[in-house]
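Colleague: Got a predicted model here, sequence first, then my questions.
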Amino acid sequence: MPQTELLIGPATVITNHAATGIVPDAGVVCSGGLVKAVGPFADLRKAHGTAKHLDAEGKVVMPALVNAHHHFYSTFARGMPLAPDTQLRNFKEVLEGIWWKLDRALDLESVAAGAWPPVLDSVRWGAATVVDHHASPSAIRGSLEALAAVCDACGIRAALCYEITDRNGIEDAVLGLEENLSFLTRKSSPKLRGLLGLHASFTVSDETLDLVQRTAPADVPVHIHVAEDASDTKHARKRYGCGVVDRLEAHGLLRAGSVLAHGVHLKDDELKKIAKAGAFLVHNPESNANNAVGALDLVHAMELGVTVALGTDGMASNMLRAAKSAYLMARHVRKDPGMGIDLCRRLLLETNMQLARTLFANPRIGMIAPESPADLTVVDYLSPTPITAGTLDGHLTFGITESSIMATVIEGVVRLDRRGLQGVDLPKIRKRVDAACAGVWKRLA
């Protein structure tokens, strides 16, 4: 799409920038993929009269959101047919009865087709950056390129990886490593980033961890599920005599910038190691509740110095709802009705932005200020009371997280507005997804 000057407003602009804070009756000018100006809307309209105008209708403009842990391949789990004798009594049975059957049924076409719904949903819910964790053991080679093509077509910034695991044999583990390495060495857009994917401690042997350590560049962050269920920690201590984080550390894979998803059952010493390493722990409250694996005390983890970010784990792509769920779960876990009003802001506007800045080596991601990436979302929220620095937490928690998205702008390009998703052929995509779904579900039988 051609880049033209874009004026967004009038709106209350949450800049997420210390120098400007929250600007009422404001506008934002975007050009060349960057924010060029933020200020009173009337002044900007006079100075940029020829700019394309995105009417924000007096609502709220804030930085586009970041999803710190997603699974694009989960698309075809919606309504997925299950055998009549399928048991889902614990986390292991959920993996075996749903997810490991589904990922084996994916071919390269269904990997690509299945990425469209969650990527478009991410845009629909105001996200410009997504960190994805992929698995398709029947179609490993080329799977990350297939995902990258969809992300690129939709304009989102994406960090991608393939999960390395021994559960399908050593040959597939090696193929998974090779797929990560291949993607890491591609000549990619700065909006695409490769990570080193591992499934989880309980499906990765010491031999495979050693191979990863010897083969992969030492500065590439890892993306792995950690202590999502108590069975992961029990397996590590019984078989290896240590915790899951200790295993990563022993193999040189507890690296700065790494993305450790869940952490529900980590002990304090492991949380402190994550903090010391400069890795991120990603909380996925909706998925954890859905799988009945327990609840992370994210406030306690933060108190120990851990940078806790927020993801959806493939459950959905709605980061606003995920933030509200994290807030409610935190109060439930701590049984304290007076805490956590700042959690939605901290997760959405601080730690998730910190994760994106780290992974994409751009310290200006997640703010609306001159020379920052022009990634913005317009929230359909008409505040009943003033939005100020002192009231923002309440508005985020009880208003903005309950609202729909009017527009999503990524690098100055309008990807969603009142007319719907822009720049994509939705009927064509729908046919492609339907055809892929039929194939996947047939292979499940």
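Modeller: That came through fine.

Colleague: CA atoms for contacts and neighbours, from now on please.
Modeller: Noted.

Colleague: Next up, the contacts around G366.
Modeller: The contact partners of G366, by CA atoms under 8 Å, 6 or more residues apart in numbering, come to 16, 63-65, 349, 353, 357, 372-373, 375.

Colleague: now with 6 Å?
Modeller: Going by CA atoms under 6 Å, 6 or more residues apart in numbering, G366 touches 63, 353.

Colleague: What helix or strand is it located in?
Modeller: For G366, there is no enclosing helix or strand under DSSP states H and E.

Colleague: Could you find the closest non-adjacent residue to G278?
Modeller: Nearest residue to G278 in three dimensions, chain neighbours excluded: A256, at 4.5 Å (CA to CA, 6 or more residues apart in numbering).

Colleague: I'd like to know how far the one you found sits from F280.
Modeller: Using CA to CA, to the nearest Å, one gets 8 Å for the distance from A256 to F280.

Colleague: Compare the two and say which is more crowded by neighbours.
Modeller: F280 (26 against 18; other CA atoms under 10 Å).

Colleague: Tell me the pLDDT of the residue in the chain sticking out farthest from the centre.
Modeller: Distance from the C-alpha centroid of the chain peaks at K46, with 37.9 Å (CA atoms, centre = their mean). Here, the pLDDT recorded for K46 equals 97.

Colleague: so which strand or helix has it?
Modeller: Here K46, judged by DSSP H and E, is contained in helix 41-47.

Colleague: quick revisit: which strand or helix spans the residue nearest to G278?
Modeller: For A256, there is no enclosing helix or strand under DSSP H and E.

Colleague: mind listing what it touches?
Modeller: 277-279.

Colleague: Please report how far V150 lies from W441.
Modeller: Counting by CA to CA, the gap from V150 to W441 is 22 Å.

Colleague: All the helices of the stretch 101-250 of the chain, in order from the start?
Modeller: 108-124, 143-154, 170-184, 206-215, 230-240, 244-250 (DSSP state H, counting those that start in this stretch).

Colleague: got a markdown table for the contacts of A256, with distance to F398, neighbour count and pLDDT too?
Modeller: Formatted as a markdown table, these follow (distance: CA to CA, whole Å; neighbours: other CA atoms under 10 Å; pLDDT from 0 to 100):
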| residue | distance to F398 | neighbour count | pLDDT |
| --- | --- | --- | --- |
| A277 | 34 | 16 | 98 |
| G278 | 31 | 17 | 98 |
| A279 | 30 | 23 | 98 |
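
Colleague: Now do the same contact list for H70.
Modeller: Residues counted as contacts of H70 (CA under 6 Å, 6+ apart) are 132, 312-314.

Colleague: now what about stretch 415-435, what contacts it?
Modeller: With contact meaning CA under 6 Å, 6+ apart, stretch 415-435 is reached by 113, 406-409.

Colleague: Kindly recompute the last result at 8 Å.
Modeller: 1, 110, 113-114, 116, 120, 123-124, 154-155, 406-409, 414.

Colleague: And the average pLDDT for it is what?
Modeller: 97.

Colleague: okay, now R104: neighbour count?
Modeller: R104 has 17 neighbours, counted by other CA under 10 Å.

Colleague: and it, what pLDDT?
Modeller: So R104 comes in at 96 (pLDDT).

Colleague: Begin at 39, not 1, for the rest of this chat.
Modeller: Renumbered: residue one is now 39, and that last one reads R142.

Colleague: wait, what's in contact with it?
Modeller: 174-176 are the contacts of R142 under CA under 8 Å, 6+ apart.

Colleague: quick one, the top helix by length along the chain and helix 146-162 angle?
Modeller: For the chain, the helix with the greatest residue count under DSSP state H is helix 464-482. Orientation check (axes from the mean of the first three to the mean of the last three CA atoms, to 10 degrees): helix 464-482 against helix 146-162 gives 130 degrees.

Colleague: Can you mark which positions in helix 464-482 are buried?
Modeller: For helix 464-482, the buried set under the neighbour-count rule, 16 or more other CA atoms under 10 Å, comprises 470-471, 474-475, 477-479, 482.

Colleague: And stretch 198-215, by the same measure?
Modeller: Buried, per 16+ other CA under 10 Å, within stretch 198-215: 198-204, 208, 210-215.

Colleague: okay if I get those as TSV plus pLDDT and distance to L222?
Modeller: As requested, the buried residues of stretch 198-215 are exported to TSV (pLDDT from 0 to 100; distance: CA to CA, whole Å):
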residue	pLDDT	distance to L222
L198	98	9
C199	98	9
Y200	98	11
E201	98	14
I202	98	14
T203	98	18
D204	97	21
I208	95	21
D210	97	18
A211	98	17
V212	98	15
L213	98	14
G214	98	12
L215	98	11
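
Colleague: Torsion angles phi and psi at the residue nearest to G316?
Modeller: The phi/psi pair for A294 (degrees, to the nearest 10) reads phi -60, psi 140.

Colleague: Please name the bridge partners of the residue nearest to the spatial centre of the chain.
Modeller: For the chain, the residue nearest the mean C-alpha position is N105 (2.2 Å; CA atoms, centre = their mean). With DSSP bridges as the criterion, N105 is bridged to V168.

Colleague: hmm, who's touching stretch 379-389?
Modeller: With contact meaning CA under 8 Å, 6+ apart, stretch 379-389 is reached by 54, 101, 103-104, 345-348, 357, 361-362, 364-365, 404, 431-432, 434-435.

Colleague: when you check those against the helices, which ones overlap?
Modeller: 357, 361-362, 364-365, 431-432, 434-435.

Colleague: hmm, which two among those are most spread apart?
Modeller: M357 and G432 (16.9 Å; CA to CA).

Colleague: Tabulate the contacts of H108 (a markdown table), appending distance to Q125 and secondary structure.
Modeller: Shown next, in a markdown table, are the contacts of H108 (distance: CA to CA, whole Å; DSSP: H, G, I helix; E, B strand; the rest coil):
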| residue | distance to Q125 | secondary structure |
| --- | --- | --- |
| D170 | 28 | strand |
| T350 | 24 | coil |
| D351 | 22 | coil |
| G352 | 21 | coil |
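
Colleague: Among those residues, which pair sits farthest apart?
Modeller: D170 and T350 (10.2 Å).

Colleague: so what's in contact with these two at the same time?
Modeller: 106-108.

Colleague: Could you dump the residues you listed into JSON lines with pLDDT added?
Modeller: Converted to JSON lines, those look like this (pLDDT from 0 to 100):
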{"residue": "A106", "pLDDT": "98"}
{"residue": "H107", "pLDDT": "98"}
{"residue": "H108", "pLDDT": "98"}
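
Colleague: Going by distance to K272, which of these wins?
Modeller: Among these, and counting by CA to CA, the member closest to K272 is H107, at 23.7 Å.

Colleague: Give me the three-state assignment for that closest one.
Modeller: strand (DSSP: H, G, I helix; E, B strand; the rest coil).

Colleague: Surely it and L348 touch.
Modeller: Yes - using CA atoms under 8 Å, H107 is in contact with L348, at 7.3 Å.
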